[in-house]
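A.B. asks: the following block contains a protein sequence and its predicted model.
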Amino acid sequence: MRRTSIGFLLFISSVASSLGTPAVDWVATNGDAGFSGGSELTSSPVTTDADAETVVGSFQSVTLGVGASIQLTGSVTITGNTGNLPGNQFRWGLFDAPSAPATGAGSSYVGVWASAPAMGAAGSLVTADGSTANPFSGTASTTVVSASDPDGDGPLFDTSFSFELTITRMGATQISASATLSDEDSLLIEWPVTAAPASPESFTYDAVGILLGGTLNATSAAFSNMEVNEIAPLSDSDSDGMPDDYEDANGLDKNTDDAALDLDSDNVRNIDEYRGADGVVDTGDETSPNDPDSDDDLINDGTELANGTDPLSPDSDSDGLNDNVETNTRTFVDSTDTGTDPLDPDSDNDGTLDGVEVATGTDPIDPASNFGKRVFGIDFNRGDALGAPSQSLCRIISGSATQADNLATYSKTIGDLGVVVTDPGGSNLEFRGANSAPSRAIPGGDISRPFLVADFIGTRQGALTITLSELPAGTYLWKSYHLDTFTDATLGFAQGSSATTPNTIEARLGGTLRASVRPTALGSAGLGTTFISDGQVPTLAFAFTHDGIGNATVELSATESNSDDSFILLNGFEIFTTSP
């Protein structure tokens, strides 16, 4: 088997160098003659063949040892059309070619490839098993992870965007892989680091593959900075799968294979604490090997993993109750034995979080024990008439998608009750409405919580106030929906897979902190409107008593800023009462 020699790849200890090795001798493996060679100066394939679609370049063969990685990076501008790039028509991969790639001949490629998503579509990270001619063939591949475009805008023609693919050998039969695609301004999509079997058990790579298909062809693309690097594994003196630095930092023995031991006696092996629940290092789910209770919720890590709760969060379902008091007996005793489900934020499905019920004295197991009388609700919907579409329990504060057309203060009267919503900094409020967009249909019916997540009011000033007037004396429950902050300047839909910055939103009444919420990655695609369920909507709720004198003012504030901005998005709110 001939391998193209281009000099040595650069080995480093932890991250890839910016000075990589380009792939050369590019050929069209399923195209015609007329494809010219690659350029080491530009690290890009060059072609005059308008129908060459799958192109492959060679580099010196690399066989990964355990812990070692190989990484492909590059940039591309795709021309020849307008609008969004067709889905799955641009793919990039690292392969073990069966022989030196040749024009018109390509088969039995083994490796990993990623596909760019169209607007809203799934982009996949895929392993190719070497059984067919086309290394990007779906019939010869296994999808190991998919993700969708977080903002629904997709990579665009005539826009430069960069791509990356990293493969790491984890052991005798397994790899991990990850990929990213970014445009000039932001991360378009990030496939998470994902474990996958090596199929077959090959850890050798010597080819870069690029697919331009559908309405695209090789003349549509201008590549630059396309490089391949091998990343050497960290030092592991005892070859137990845990780096020396990690063992030193966590009280393990770097000179003895202690991977299968359990230093902190929490029924989780040292190696499993290092890799985390998903078996892949550095994905954020790793527990401490020298602390039996990593989240300090009085339940050891092994028990949490066995029960399905999160060993890194004292409140796995984000309902305001620590896991150790949610005994799941279905009988409420007191605040230390709630009987609630630690994996269900609303154990009795009455629309109120378990933690709010416990704090306010209602029974979190009994749906009849709640704040059952709804006083009123507000939905910030820029495009609908009063009461529409069908959400008869809500009223609407209208606004424009153009901030300059809005006010800093809006008011609404419902019966005898009044509400004033304002940006205390005096800036015009921003609205986002999408009920009419078919791709953003909201599941769940007319008055479900997912339906309420269709439209937002927003501010970049980090504060909103909601003043209630003519509120009778009584005990009330406040619920506000979809409180988020994130870095996208378009104030688009928040998604767990996007380049978002979670923030803590606090609610005060009379200057006293009453509740807070910090949204996290939710559902299979974050807060994508076609993926959410009732339990995934970030809801801030608290009970309060009003004496009927004067106004009641709720102050919402974001605790962190994103550069110069501190976004708050608020979909709406509702008020319930226990008063007759």
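C.D. replies: Thanks, I have it.

A.B. asks: ranges for the strands of the stretch 451-580 of the chain?
C.D. replies: 455-459, 463-469, 474-481, 505-509, 512-517, 539-546, 552-558, 568-570, 572-577 (DSSP state E, counting those that start in this stretch).

A.B. asks: just say which of the ones you listed is most tucked in.
C.D. replies: strand 455-459 (a mean of 25; mean count of other Cβ atoms under 10 Å). All C-beta atoms are positioned from the backbone trio N, CA, C, and that covers glycine.

A.B. asks: redo the strands of the stretch 451-580 of the chain as a markdown table? Include mean pLDDT.
C.D. replies: What follows is the strands of the stretch 451-580 of the chain, written out as a markdown table (pLDDT from 0 to 100):
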| stretch | mean pLDDT |
| --- | --- |
| strand 455-459 | 70 |
| strand 463-469 | 93 |
| strand 474-481 | 83 |
| strand 505-509 | 90 |
| strand 512-517 | 86 |
| strand 539-546 | 84 |
| strand 552-558 | 92 |
| strand 568-570 | 75 |
| strand 572-577 | 82 |
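
A.B. asks: what's the closest of those strands to P86?
C.D. replies: Comparing the strands of the stretch 451-580 of the chain against P86 with Cβ to Cβ, the closest turns out to be strand 455-459 (30.3 Å).

A.B. asks: list the contacts of S347.
C.D. replies: S347 makes contacts with R330, G339, T340, D341, D354, P364, I365, as judged by Cβ atoms under 8 Å, 6 or more residues apart in numbering.

A.B. asks: typo on my end, it should be S141
C.D. replies: Contacts of S141 by Cβ under 8 Å, 6+ apart are W113, V126, T127, A128, D129.

A.B. asks: same check on P364?
C.D. replies: Counted by Cβ under 8 Å, 6+ apart, P364 has contacts F332, T338, G339, T340, S347, D348, T352, D354, E357, V358.

A.B. asks: neighbours around the third one, how many?
C.D. replies: To tie it back to what came earlier, the one meant is G339. 19 (other Cβ atoms under 10 Å).

A.B. asks: does it touch T327 like I think?
C.D. replies: Yes. Applying Cβ atoms under 8 Å, one finds G339 in contact with T327, separated by 5.7 Å.

A.B. asks: secondary structure element for the closest residue to G209 other than its chain neighbours?
C.D. replies: Nearest non-adjacent residue to G209, counting by Cβ to Cβ, 6 or more residues apart in numbering: G93, 4.5 Å away. Taking DSSP states H and E as the criterion, G93 maps to strand 90-96.

A.B. asks: can you give me the mean pLDDT across stretch 90-108?
C.D. replies: On average, the pLDDT along stretch 90-108 is 82.

A.B. asks: regarding the closest residue to N324 other than its chain neighbours, what is its secondary structure?
C.D. replies: Excluding the flanking residues, the one nearest N324 by Cβ to Cβ, 6+ apart is L298, at 4.3 Å. Assigned with DSSP: H, G, I helix; E, B strand; the rest coil, L298 falls in the coil class.

A.B. asks: burial of L298, as a residue count?
C.D. replies: There are 11 residues near L298, going by other Cβ under 10 Å.

A.B. asks: now neighbour count too, for the contacts of S141, in JSON lines please.
C.D. replies: Converted to JSON lines, the contacts of S141 look like this (neighbours: other Cβ atoms under 10 Å):
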{"residue": "W113", "neighbour count": "25"}
{"residue": "V126", "neighbour count": "24"}
{"residue": "T127", "neighbour count": "22"}
{"residue": "A128", "neighbour count": "26"}
{"residue": "D129", "neighbour count": "19"}
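
A.B. asks: ok, back up a step: pull up the pairing partners for the helix or strand that the strand holding G93 is followed by, direction included.
C.D. replies: Later in the chain than strand 90-96, the nearest helix or strand by DSSP H and E is strand 110-115. Sheet pairing for strand 110-115, assigned by DSSP bridges, gives strand 90-96 (antiparallel), strand 122-129 (antiparallel).

A.B. asks: quick one: the last one to chain centroid distance?
C.D. replies: Meaning strand 122-129. 18 Å (Cα atoms, centre = their mean, to the nearest Å).

A.B. asks: contacts for it?
C.D. replies: 87-88, 93, 95, 109-117, 135-138, 140-149, 177-179, 181, 189, 191, 194, 196-200.

A.B. asks: 7 Å instead?
C.D. replies: 95, 109-117, 135, 140-148, 177, 179, 189, 191, 194, 196, 199 (Cβ atoms under 7 Å, 6 or more residues apart in numbering).

A.B. asks: G399 and Q461, how far apart?
C.D. replies: Between G399 and Q461 the computed distance is 16 Å (Cβ to Cβ, to the nearest Å).

A.B. asks: please read the previous query as pertaining to S137.
C.D. replies: From S137 to Q461 the distance is 52 Å (Cβ to Cβ).

A.B. asks: compare those two and say which is more crowded by neighbours.
C.D. replies: Taking neighbours as other Cβ under 10 Å, S137 and Q461 compare with Q461 leading, 19 against 16.

A.B. asks: beta partners of the residue nearest to A102 when sequence neighbours are not counted?
C.D. replies: Nearest residue to A102 in three dimensions, chain neighbours excluded: V27, at 5.8 Å (Cβ to Cβ, 6+ apart). According to DSSP bridges, the partner residues bridging V27 are V56.

A.B. asks: count of neighbours near V27?
C.D. replies: Using other Cβ under 10 Å, V27 has 26 other residues around it.

A.B. asks: number the chain from 4, please
C.D. replies: Right, with 4 as the first residue, what we last looked at is V30.

A.B. asks: in contact with it, which residues?
C.D. replies: If you count contacts by Cβ under 7 Å, 6+ apart, V30 has them with F38, V58, V59, P104, A105, T106.

A.B. asks: out of the residues you listed, which are buried?
C.D. replies: F38, V58, V59, P104, T106 (16 or more other Cβ atoms under 10 Å).

A.B. asks: from the residues you listed, pick the one nearest N84.
C.D. replies: V58 (18.7 Å).

A.B. asks: domains for the protein, by residue range?
C.D. replies: Listed by automatic domain parsing, the domain ranges of the chain are 27-234, 249-317, 323-373, 376-580.

A.B. asks: mind checking the end-to-end distance for the second one?
C.D. replies: Distance across domain 249-317, first residue to last, is 25 Å (Cα to Cα, to the nearest Å).

A.B. asks: any idea of the mean pLDDT for that domain?
C.D. replies: pLDDT averaged over domain 249-317 gives 93.

A.B. asks: what does the third one give?
C.D. replies: Per-residue pLDDT values across domain 323-373 average out to 90.

A.B. asks: first vs last residue of it, how far apart are they?
C.D. replies: 17 Å.

A.B. asks: the residue lying closest to L480 once chain neighbours are set aside and V231, how far apart?
C.D. replies: Distances taken as Cβ to Cβ, 6+ apart put F374 closest to L480, at 3.8 Å, once the chain neighbours are dropped. The gap separating F374 from V231 is 60 Å, by Cβ to Cβ.
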